[in-house]
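Asks: Sequence and computational prediction follow.
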Amino acid sequence: MQLIIAEKPKVAEKIAYALAEDKNPLKHKGYGQASYYEIERNGQKILVAAAVGHLYSLDEKNKSSSYPVFEIEWYPAYKVNKKSNYTKDYIKTIEDLAKKVQEVIIACDFDIEGSLIGYNVLRFSSKRSDGKRMKFSSLTKEELIDAFENRMNFDIENALAGEARHILDWFYGINLSRALMSAIKSSGRFQIMSIGRVQGPTLNILGTREIEIKNFKPTPYWEISAFVDKIKFLHEKEKFFDKKEAEEVLRRSSTPPWKIEQIIVKEFKQKPNPPFDLTDLQLEAYRVFKFSPFQTQNLAQNLYENSMISYPRTSSQKLPQKLGLSKIIEKLSAQKEYEHLAKKLLDEKRFKPHEGKKTDPAHPAIYPTGIVIKDIGEKEKKLYDLIVKRFLACFAPDATKSSNKVILNCNQEKYFVQGVKIIEKGWIEFYQPYYKEEEIELQKWTAGQEVKVEKFTIEEKLTKPPKRYSVASIISELEKRMLGTKATRAVVLETLFKRGYLKGKKAIEVTPFGLAVLDILKKYSPEILDEELTREIEKKMDLIQQKAIEQQQVIEEGKNILTKILEKFKRKEIEVGTELNNGLKDAQNQNSILGTCPKCKGQLKILTFQKGKQFVGCSNYPNCDQTYPLPQYAKIQATSKICPHCHSPIVTVIRKGKKTFSMCLDPNCPTKKDWNKENKK
């Protein structure tokens with residue numbers, strides 16, 4: 001008898017139904033919420049059970065709050081964290097089933113996390129040193145049967161790399177976080193803080209950009225434009241930083257002759273974008289739907305578990321032919337929404353995709369399987385449509401475009417305008433409505449033609465600071481810098497938000513507290529922020545997978561580096577604590593400022609009564625008695641916006657488990673009459 005272990009209950013169900021012969025699987029109750037399936041295949045009985053992600057967690061052998069701590073061990077997750085109590089039933093169920101079978105087959109996700117989950121189940125729940133492995137990239141019946149029939153030896157190298165990462169992340173995360181918390185405690189204050197192996201460099205990238213923005217001094221410049229047939233031509237210099245020079249150019253340009261000097265037409269082909277890997281999907285889903293990377297990752301996982309798409313946590317932009325690409329397109333042609341596009345590809349026998357450069361040894365690019373589950377959420381439907389359209393577009397012909405550049409000569413001063421026109425849509429037709437590029441079609445001028453300039457304008461502008469990262473663009477930046485993994489980058493970012501180091505998803509801002517922490521780390525422990533150190537550890541994980549280095553060597557090297565960092569940090573603990581305390585006070589003071597008092601131009605601040613009730617008062621009290629009520633049991637954030645009706649600041653109100661909303665502070669503002677009643681609940 002054999003026991004198959006899936007990573008999640010839903011996947012266990014898919015495997016059981018795919019492998020069962022003749023009749024449906026028998027579902028048995030395990031302990032508590034856990035259940036398992038009994039099936040027959042090739043005349044042999046098979047049991048299929050599930051983990052629920054990680055069933056085992058690292059923890060120190062002897063509980064303490066001191067640091068450094070390196071004596072750690074794997075324990076059942078429910079013994080480490082009360083929130084993981086639900087895992088107990090799954091562990092007990094697997095333990096009982098493992099005693100009845102001759103072979104255990106791990107069918108967790110084929111990556112280092114999935115392999116580690118399976119490895120821990122093998123050695124701790126099943127009490128075995130080895131087992132077999134199923135490798136699959138989608139939950140279709142055909143692929144699951146193939147993975148079972150061609151099961152391989154357990155991928156121990158992947159598991160050891162995953163374990164090394166978990167151990168080093170634990171060492172760095174727990175010890176560095178304890179060091180920070182111990183430092184602030186030494187100043188008489190308690191504050192939950194964290195920093196980690198990838199959190200540090202990520203905060204540093206965002207903090208560096210924040211400082212660049214804060215230190216940026218805008219420089220004035222001037223743009224000169226000429227308008228012909230209502231089309232705007234820009235002077236070839238584009239930016240004039242000398243106003244007198246700009247005015248002189250404008251004066252010269254204003255005198256005829258004005259004529260079209262040259263028309264440059266270039267026709268070019270544009271290839272389709274490659275199929276999605278996880279990072280590209282996160283970027284595109286943010287651009288199109290404003291889904292956060294973390295949200296996209298979870299939605300894609302739901303689609304995968306419903307057999308609708310392949311495994312999403314991939315770095316690959318490749319679609320090998322062995323996937324049966326023509327059959328997938330055929331299946332998509334049976335879906336009404338994609339019938340027209342898929343049939344076009346089938347009729348033209350276009351089965352060779354345009355691929356990208358990125359590869360992943362474990363999984364192909366993300367692709368739709370052709371299986372449809374109607375009972376999914378609206379957000380999942382949107383993401384599925386995006387994935388299908390991108391997949392189909394990969395097989396479509398190149399788009400043909402024409403770029404026109406028209407040069408206008410105004411008394412020897414050159415102006416230009418550029419336009420782009422789509423001649424043949426090609427793949428663009430397949431990627432609607434997600435393709436976005438404005439077509440600019442220019443007038444049918446001819447070279448040498450004299451024209452009338454309707455007007456000239458000179459416009460003063462200011463140079464702009466560097467753009468803030470969005471939650472999507474920072475994920476892309478981390479990938480470029482080889483920091484973190486495709487599965488962990490979004491989680492790292494979420495942690496930095498939760499700790500109060502960051503705010504704002506569309507344009508990430510490092511909070512005053514985040515900057516204070518960053519300044520202290522730069523001063524006392526710059527190694528924590530070192531990108532190269534983090535990259536080096538990631539490279540070592542790859543070497544473990546390739547059997548080129550021993551796991552224990554990588555762990556010891558990481559431990560030695562961390563020990564030196566912590567020793568240095570400990571010597572300065574009092575100074576670090578004092579600076580952290582001051583930074584936290586400054587941050588809290590800045591966070592409490594909501595705007596300018598409309599009465600006296602003082603600062604409106606969040607204040608608290610003795611009984612804990614919060615309200616807004618003016619910093620010029622008692623000379624100014626301006627106050628406003630606030631919603632209780634809510635987090636109030638400034639927005640820098642002013643209500644056009646009552647001229648009081650607009651704030652954002654965040655309440656646990658309820659919808660976030662914005663409001664102005666004045667309860668008597670006319671806008672409150674039409675205010676959504678839900679916001680008042």
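Replies: Good, I have the coordinates.
Asks: quick one: His615 from Ala393, how far?
Replies: I think there's a mix-up here, since residue 615 is Phe and not His. According to CB to CB, to the nearest Å, Phe615 and Ala393 sit 55 Å apart. C-betas here are computed from N, CA, C, even on glycine.
Asks: who's more crowded, these two?
Replies: In terms of neighbours (other CB atoms under 10 Å), Ala393 is the more surrounded of Phe615 and Ala393; the figures are 26 against 15.
Asks: what kind of secondary structure is the more buried one in?
Replies: helix (DSSP: H, G, I helix; E, B strand; the rest coil).
Asks: In terms of pLDDT, where does it sit?
Replies: pLDDT for Ala393: 98.
Asks: And the residue nearest the centre of the chain?
Replies: Pro293 (2.7 Å; CA atoms, centre = their mean).
Asks: is it true that that residue touches Arg489?
Replies: Yes. Look at Pro293 against Arg489 with CB atoms under 8 Å: they come within range, at 7.1 Å.
Asks: which residues do the two both contact?
Replies: Ile475 (CB atoms under 8 Å, 6 or more residues apart in numbering).
Asks: ok, so what distance separates the residue nearest to the centre of the chain from Lys88?
Replies: 32 Å.
Asks: do Lys99 as well
Replies: Taken as CB to CB, the span from Lys99 to Lys88 is 18 Å.
Asks: Equivalent analysis for Lys464, please.
Replies: Distance from Lys464 to Lys88, by CB to CB: 55 Å.
Asks: the more surrounded of those two?
Replies: The residue with more neighbours, out of Lys464 and Lys88, is Lys88; 18 against 9, by other CB under 10 Å.
Asks: Which residues are in contact with the more buried one?
Replies: So Lys88 contacts Tyr31, Gly32, Pro76, Tyr78 (CB under 8 Å, 6+ apart).
Asks: Also Thr652?
Replies: Taking CB under 8 Å, 6+ apart as the test, what Thr652 contacts is Ile636, Gln637, Ala638, Thr639, Thr660, Phe661, Ser662.
Asks: Could you pull up the residues touching the residue nearest to Glu163 when sequence neighbours are not counted?
Replies: Nearest residue to Glu163, sequence neighbours excluded (CB to CB, 6 or more residues apart in numbering): Leu116, at 5.6 Å. By CB under 8 Å, 6+ apart, the contact set of Leu116 is His54, Asn158, Ala159, Gly162, Glu163, His166.
Asks: I'd assumed the third one was in a strand, is it?
Replies: Read that as Ala159. No. Judged by three-state DSSP, Ala159 forms no part of a strand; its state is helix.
Asks: I'd say it and Gly114 touch.
Replies: No. Under the criterion of CB under 8 Å, Ala159 makes no contact with Gly114, lying 9.1 Å away.
Asks: Which secondary structure state is assigned to the nearest residue to Met193 once chain neighbours are set aside?
Replies: Of all residues beyond its chain neighbours, the one nearest Met193 is Leu180 (4.4 Å), with distances taken as CB to CB, 6+ apart. Three-state call for Leu180 (three-state DSSP): helix.
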